[in-house]
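Enquirer: the sequence isn't on hand, but the structure is:
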């Protein structure tokens, strides 16, 4: 009987996925989230004080969100109940809440773990609120989406958001070592191939263990090189959601790298977005915006470069057309920068809004009828081409509006010349007005 039990247990273990066999049994075994679980981390402090509250665990796939939630239930002696927002509806939630109420009456608490909580709509998210407030459930939600955009403000106000990080190299190495110890053998990989395996996992511990399980099953006589392994394994797709947080993070990184005049960083983020499957037309549009917003008249050619690159992409398609966009990225990064036009535009809009319907001064209004001429339209207008230096210096703002100074060119690129022109006209204007 003992022999049968031992054989049965060994068979059961052999058929369990490696990721399940290596699932941590206590919080101290969780890899890569010391900033949360350490003594000075928020979870470590909560558990030490015995005051665990509702949580939203935000992080990429495969970093331990489900495991941490399960272990928190163990640590606090709460019943662990798990649901997924993908497969659960209102009826399922009602059953969960009713069971939690019965459990509470019996003196037992419930930790409700909601995977992909961002997929619940507003009404479904709101249904958690009364049960969180009266202590029926302790909610732990998991999401890969930015909670600021994906979750109701009411839920966020009652839960603390904790950010889980993708696993770094040291954490991946530790995970690989644990896997080899569990399997009782080393992976048949040379050092470069081993590193490539970790790169393929891209910070996802679950993906890493799945890859390790595949590699461990291979029958090879000598350790494989990176090239040999690459032929046997497909690289894991980059984490990228064209409508989610990664999309906005990467376009922000590209924009700021260009604004910071770093062509290498800009090219890297541009490539990252393309590798993630971003639409090159979206990138063409954003590059044109950067030319307008951050370079503007410091280099008037920048916008032309972007529009031509956009047109080249439309004519060539992928992948050749993407090279034209890459050239625009390099040009924008190295172009002189100025947001003077952008600042002037925003300030002018603000003044336009505050001055309401103030009319133009009458001397710059046309008088196509005798009535309009009789009431002063066009009276006193000075034709600039007939004035000295081709500049009359007249006022073109509404009467009673103090002359502002919206556009202030910088001493960079072509705007250096524009600044000289602006200062020149300012001196002439002062001269005309004094005269």
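Expert: Here it is on my side, so go on. Because the structure is a prediction, the values reported are computed rather than measured. Numbers count the residues shown, from 1 in each chain.
Enquirer: give the buried residues for stretch 198-211.
Expert: Buried residues in stretch 198-211, counted by 16 or more other C-beta atoms under 10 Å: 198, 200-211. For the C-beta atoms, the positions are set from N, CA and C on the backbone; glycine is no exception.
Enquirer: how about stretch 377-390?
Expert: 377, 381.
Enquirer: who touches that stretch?
Expert: For stretch 377-390, contacts defined as C-beta atoms under 8 Å, 6 or more residues apart in numbering pick out 362-367, 372-373, 391-394, 428.
Enquirer: quote the end-to-end distance of that stretch.
Expert: 23 Å (C-alpha to C-alpha, to the nearest Å).
Enquirer: straight-line length of stretch 385-399, end to end?
Expert: 24 Å.
Enquirer: ok so, going back, widest-spaced pair of the contacts of stretch 377-390?
Expert: Across the contacts of stretch 377-390, no pair lies farther apart than 372 and 428, at 30.0 Å, counting by C-beta to C-beta.
Enquirer: thinking again about what came up before, of the buried residues of stretch 198-211, which is the nearest to residue 181?
Expert: For the buried residues of stretch 198-211, the nearest to residue 181 is residue 209 (12.9 Å; C-beta to C-beta).
Enquirer: circling back: ok, residue 372 and residue 428, which is more surrounded?
Expert: Ranked by neighbour count (other C-beta atoms under 10 Å), residue 372 and residue 428 place residue 428 first, with 17 against 14.
Enquirer: ok, of the contacts of stretch 377-390, which come out buried?
Expert: Judged by 16+ other C-beta under 10 Å, buried ones among the contacts of stretch 377-390: 362-363, 365, 367, 391-394, 428.
Enquirer: quick check, nearest of those residues to residue 116?
Expert: Nearest member of the buried ones among the contacts of stretch 377-390 to residue 116, counting by C-beta to C-beta, is residue 365, at 62.2 Å.
Enquirer: who's in contact with the closest one?
Expert: Applying C-beta under 8 Å, 6+ apart to residue 365 gives the contacts 372, 377-378.
Enquirer: from those residues, which is closest to residue 144?
Expert: Taking C-beta to C-beta as the measure, residue 144 sits nearest to residue 377 out of these, at 63.4 Å.
Enquirer: nearest the geometric middle of this protein, what residue?
Expert: residue 249 (2.6 Å; C-alpha atoms, centre = their mean).
Enquirer: which residues touch that residue?
Expert: Contacts of residue 249 by C-beta under 8 Å, 6+ apart: none found.
Enquirer: need phi/psi at residue 233.
Expert: Taking degrees, to the nearest 10, you get phi -120, psi 140 for the backbone angles of residue 233.
Enquirer: excluding its backbone neighbours, what's nearest residue 38?
Expert: Once flanking residues are discounted, residue 38 sits nearest to residue 44: 5.2 Å by C-beta to C-beta, 6 or more residues apart in numbering.
Enquirer: could you confirm the one you found falls within a helix?
Expert: Yes - Residue 44: assigned to a helix according to DSSP: H, G, I helix; E, B strand; the rest coil.
Enquirer: where exactly do the strands run in the stretch 151-300 of the chain?
Expert: 160-163 (DSSP state E, counting those that start in this stretch).
Enquirer: quick one, helices of it?
Expert: All helices of the stretch 151-300 of the chain, identified by DSSP state H, counting those that start in this stretch, fall at 153-157, 169-183, 191-201, 205-216, 226-232, 245-259, 263-275, 280-290.
Enquirer: returning to that earlier point: so which of the contacts of residue 365 are in helices?
Expert: Of the contacts of residue 365, the ones assigned to helices by DSSP state H are residue 372.
Enquirer: ok, the contacts of residue 365 vs residue 147, which is closest?
Expert: The closest of the contacts of residue 365, once distances to residue 147 are taken by C-beta to C-beta, is residue 377, at 58.9 Å.
Enquirer: now that closest one. Its backbone dihedrals?
Expert: With angles defined as degrees, to the nearest 10, residue 377 sits at phi -60, psi 130.
Enquirer: need the helix or strand of the chain with the lowest average pLDDT.
Expert: helix 2-15 (a mean of 53; mean pLDDT, DSSP states H and E).
Enquirer: name the residues of the lengthiest helix in the chain that are buried.
Expert: Secondary structure of the chain per DSSP H: the longest helix is helix 415-434. Neighbour counts over helix 415-434 (16+ other C-beta under 10 Å) mark 415, 418-419, 428-429, 432 as buried.
Enquirer: look at residue 408 and say how many residues are nearby.
Expert: Residues within reach of residue 408, counting by other C-beta under 10 Å, total 14.
Enquirer: so it belongs to a strand, correct?
Expert: No - the assignment for residue 408, made by three-state DSSP, is coil rather than a strand.
Enquirer: how about the residue lying closest to it once chain neighbours are set aside, what does it touch?
Expert: Spatial nearest neighbour of residue 408, excluding adjacent residues (C-beta to C-beta, 6+ apart): residue 340 at 5.5 Å. Residues near residue 340 by C-beta under 8 Å, 6+ apart: 296-298, 407-410, 415.
Enquirer: quick one: residue 340 from residue 292, how far?
Expert: 12 Å (C-beta to C-beta, to the nearest Å).
Enquirer: and residue 148, that one's in a helix?
Expert: Yes - under three-state DSSP, residue 148 falls within a helix.
Enquirer: which residues does it contact?
Expert: residue 156.
Enquirer: same check, this time on residue 31
Expert: Here residue 31 is in contact with 24, 64, 167, 171, 174-175, 205 (C-beta under 8 Å, 6+ apart).
Enquirer: can you tell me the closest non-neighbouring residue to residue 397?
Expert: Using C-beta to C-beta, 6+ apart and skipping residues adjacent in sequence, the residue nearest residue 397 is residue 403, 5.9 Å away.
Enquirer: assign a three-state SS to the one you found, would you?
Expert: Classified using three-state DSSP, residue 403 is coil.
Enquirer: is it true that the residue nearest to residue 38 touches residue 36?
Expert: Yes - the pair residue 44 / residue 36 is scored as a contact, 7.4 Å apart, by C-beta atoms under 8 Å.
Enquirer: so which of those two has more stuff around it?
Expert: Set side by side, residue 44 and residue 36 show more neighbours around residue 36, with 23 against 16, by other C-beta under 10 Å.
Enquirer: can you tell me which residues contact the more buried one?
Expert: Going by C-beta under 8 Å, 6+ apart, residue 36 touches 42-44, 68, 162, 164.
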